[in-house]
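Novice: With the input below, show me the fold.
(chains A and B)
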Amino acid sequence: MNRYFQQLNIVQQCKNGDLTLWQCPPFLFVIMGIVNIISIFLTYQVATRASEEPQLAAIAALAVAAIVFVIGSAVVFGFNKVVEANLMKSEFIGIISHQLRSPLAVFKWTLDALNEDLQKEALKMDARTPIQTLNETNQRMIRLVNMLLEVNRIESGRFVFKRMPMSLQEVTKKQIAAEENYAKEYKVTIAFQDAAAGARVDADEDKLQMVLQNLLDNAIRYSIPNSTVAVSLEFKNSHSVLWKITDTGVGIPIGEQKFIFTKFYRARNARVYQAEGNGIGLYLSKKIIEEHGGTIGFSSKENSGTTFWFTLPIALYETHAREFNFEMHA
Amino acid sequence: MKILFVEDEAHLQEILARVLVEGGFEVIQAYDGERGLQLARDSKPDMVLLDLILPKKDGFTVLQELKADPVTKHIPVIVLTNLEQEADVERTLAMGALSFLVKTNYEPRDILERVKKALKVE
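Specialist: This is a model prediction of the structure:
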């Protein structure tokens, strides 16, 4: 019995599919029904006033009902097809991603073992660099699969955040250190300026790391060689911090700027300059930052450079502590 | 101390087993769910590392039966897998697994550390 009631709870059904109410076929069907009832009623009212014959009124009402029903059903049917396709896509991505992880895990563990063995043999550095390359390349594939799964999860309304007070500075420093080799490849240096005096944020460290990685990767990838990428962290106001990253690279053409945070989109000049990169990093980053209660944005000038920024609310107890400090000093 | 590793992928078995042996543990290997259950009952390991996708009997069923059997129910189980749906994580933790690790996110040495930490605590 419960399952039938569950099916009737349209609002819940729609939430499960990560659809807005107006995109949701069952809801639209109900709306269509209501519209139909109203139009039958109105038609009948108009028809009885316009003519003396009750049959005409009845036929007119029926005709309108039929037309509304046909149009409405076509619309609902169309939406249903889209929802089904969406679900299949989610399932498909989920299955493939998980399948991909098996060989990726084998690569990861085997390379790790190989690296350990080489370390023990105390081989010269040259012998270990190809292993490192393979390792990093494998890591990139693993990260891509992780991102795909993350996006898939978000699309299906299934993401879960484990939030804890943490230091944005520490995660930033860690990520910058992890990207050292990548930056060297592109002949870019990364500078970090921390002006946020130990403020902490309530965040899911793994998800935040994805955002930082994405923004850093982009800044490095689209910079011109021998330039510096500047990362900074400061207070935006008493209850949020502002994280910024600036590069002096190819920039984003004005016409493409409004598509930057959409899925699978990469600016036209990006495609020309670089073969890497995918279109889901920024989309994912925006979703993650917004879920944390922050905002994200950028400013860019073609051939001059780009600045990406995001804000995050300071961890609650932290805000209280600061307010308390202000009081004390006043 | 004895560790039972239930995983169908031979390469992964080899590598993790090596790391665990180097870490001072004795490793018992099972390549499918049924064998894993049998070995758990017979050799009573100190910990079980369990993959979820297994031939003959899947990891969820193995976990369930391990926890239902008085002989094996107190043995700590760490789930090592590539699945990641919240439903799966919650399910295994609710069934009594100690933790849930995604293989592509951990190196064998990290897993060794986790095992050491878990067994000292126990």
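Novice: Report the contact partners of the residue sitting nearest the centre point of chain A.
Specialist: Geometric centre of chain A, nearest residue: residue A:284, 2.0 Å, by Cα atoms, centre = their mean. By Cβ atoms under 8 Å, 6 or more residues apart in numbering or on different chains, the contact set of residue A:284 is A:147, A:150-151, A:154, A:210-211, A:214. Placement of C-beta: from N, CA and C, glycine included.
Novice: list the helices and strands the helix or strand residue A:136 falls within packs on?
Specialist: Under the criterion of DSSP states H and E, residue A:136 resides in helix A:125-155. In terms of contacts (3 or more Cβ pairs under 8 Å, 6 or more residues apart in numbering or on different chains; DSSP states H and E), helix A:125-155 is packed against helix A:54-120, helix A:180-185, helix A:205-221, helix A:281-291.
Novice: Next, format those as JSON lines and append mean pLDDT.
Specialist: Shown next, in JSON lines, are those (pLDDT from 0 to 100):
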{"stretch": "helix A:54-120", "mean pLDDT": "84"}
{"stretch": "helix A:180-185", "mean pLDDT": "83"}
{"stretch": "helix A:205-221", "mean pLDDT": "89"}
{"stretch": "helix A:281-291", "mean pLDDT": "87"}
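Novice: export these to a markdown table and tack on distance to residue A:162?
Specialist: Output for these, formatted as a markdown table (distance: least, Cβ to Cβ, whole Å):
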| stretch | distance to residue A:162 |
| --- | --- |
| helix A:54-120 | 21 |
| helix A:180-185 | 27 |
| helix A:205-221 | 8 |
| helix A:281-291 | 12 |
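Novice: now for these, which one comes closest to residue A:257?
Specialist: helix A:281-291 (11.6 Å; Cβ to Cβ).
Novice: buried ones in the closest one?
Specialist: By neighbour count on 16 or more other Cβ atoms under 10 Å in any protein chain shown, the buried set for helix A:281-291 is A:281-289.
Novice: which residue of chain A sits farthest from its center?
Specialist: Distance from the C-alpha centroid of chain A, by Cα atoms, centre = their mean, peaks at residue A:52 (61.6 Å).
Novice: residues from chain A in reach of chain B?
Specialist: A:94, A:98, A:101-102, A:104-106, A:108-110, A:112-113, A:142, A:145-146, A:149, A:158, A:160 (Cβ under 8 Å from any Cβ of the partner chain).
Novice: and with 7 Å instead?
Specialist: A:98, A:101-102, A:104-106, A:108-110, A:112-113, A:142, A:149, A:158, A:160 (Cβ under 7 Å from any Cβ of the partner chain).
Novice: May I ask you to confirm that residue B:119 is in contact with residue B:47?
Specialist: Yes. With contacts counted by Cβ atoms under 7 Å, residue B:119 reaches residue B:47, the gap being 6.1 Å.
Novice: Looking at the two, which has the bigger crowd around it?
Specialist: A side-by-side neighbour count of residue B:119 and residue B:47, using other Cβ atoms under 10 Å in any protein chain shown, places residue B:47 first with 22 against 14.
Novice: right, and the helix or strand after the lowest-mean-pLDDT helix or strand in chain B?
Specialist: When the helices and strands of chain B are scored by mean pLDDT, DSSP states H and E, helix B:86-94 comes last with a mean of 79. Downstream of helix B:86-94, the first helix or strand assigned by DSSP H and E is strand B:99-102.
Novice: Name every strand pairing with that following strand and say which way it goes.
Specialist: Pairing partners of strand B:99-102, with direction, according to DSSP bridges: strand B:77-81 (parallel).
Novice: Distance from the strand it pairs with to the middle of the chain?
Specialist: 5 Å (Cα atoms, centre = their mean, to the nearest Å).
Novice: next one: stretch A:226-238
Specialist: Counting by Cα atoms, centre = their mean, stretch A:226-238 is centred 22 Å from the centre of its parent chain.
Novice: again, but for stretch A:211-218
Specialist: Distance of stretch A:211-218 from the chain centroid (Cα atoms, centre = their mean) equals 13 Å.
Novice: Tabulate the CA atom coordinates of that stretch in PDB.
Specialist: Below are the C-alpha coordinates for stretch A:211-218, written out as PDB (Å, rounded to 0.1, in the frame of the first residue of the first chain):
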ATOM      1  CA  VAL A 211      37.300  22.700  -6.800                       C
ATOM      2  CA  LEU A 212      40.800  23.900  -6.000                       C
ATOM      3  CA  GLN A 213      42.300  21.300  -8.300                       C
ATOM      4  CA  ASN A 214      40.000  22.400 -11.100                       C
ATOM      5  CA  LEU A 215      40.700  26.100 -10.700                       C
ATOM      6  CA  LEU A 216      44.500  25.500 -10.300                       C
ATOM      7  CA  ASP A 217      44.600  23.200 -13.300                       C
ATOM      8  CA  ASN A 218      42.800  25.700 -15.500                       C
END
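Novice: May I see the buried residues of stretch A:207-223?
Specialist: Neighbour-count burial for stretch A:207-223, counted by 16+ other Cβ under 10 Å, picks out A:207-223.
Novice: err, stretch A:252-261, not the other one
Specialist: By neighbour count with 16+ other Cβ under 10 Å, stretch A:252-261 contains the buried residues A:252, A:256-257, A:260-261.
Novice: Same check on stretch A:46-66?
Specialist: Using 16+ other Cβ under 10 Å as the test for burial, stretch A:46-66 gives A:47-48, A:57, A:60-61, A:64-65.
Novice: Mind putting those residues into CSV with distance to residue A:238?
Specialist: Shown next, in CSV, are the buried residues of stretch A:46-66 (distance: Cβ to Cβ, whole Å):
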residue, distance to residue A:238
A:47, 65
A:48, 66
A:57, 67
A:60, 65
A:61, 63
A:64, 60
A:65, 60
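Novice: can you name the two of these that are farthest apart?
Specialist: A:48 and A:65 (15.6 Å).
Novice: Residue A:308 is in contact with residue A:215, isn't it?
Specialist: Yes. If you go by Cβ under 7 Å, residue A:308 and residue A:215 touch, sitting 5.2 Å apart.
Novice: and the residue nearest the centre of chain B, bridged to which residues?
Specialist: In chain B, the centroid-proximal residue (Cα atoms, centre = their mean) is residue B:49; its distance is 1.3 Å. Beta-bridge pairing for residue B:49 (DSSP bridges): residue B:5, residue B:78.
Novice: Equivalent analysis for residue A:192, please.
Specialist: Following DSSP bridges, residue A:192 is listed with bridge partners residue A:231.
Novice: Next, find the distance separating it from residue A:224.
Specialist: 20 Å (Cβ to Cβ, to the nearest Å).
Novice: likewise residue A:205?
Specialist: Residue A:205 is 32 Å from residue A:224, where distance means Cβ to Cβ.
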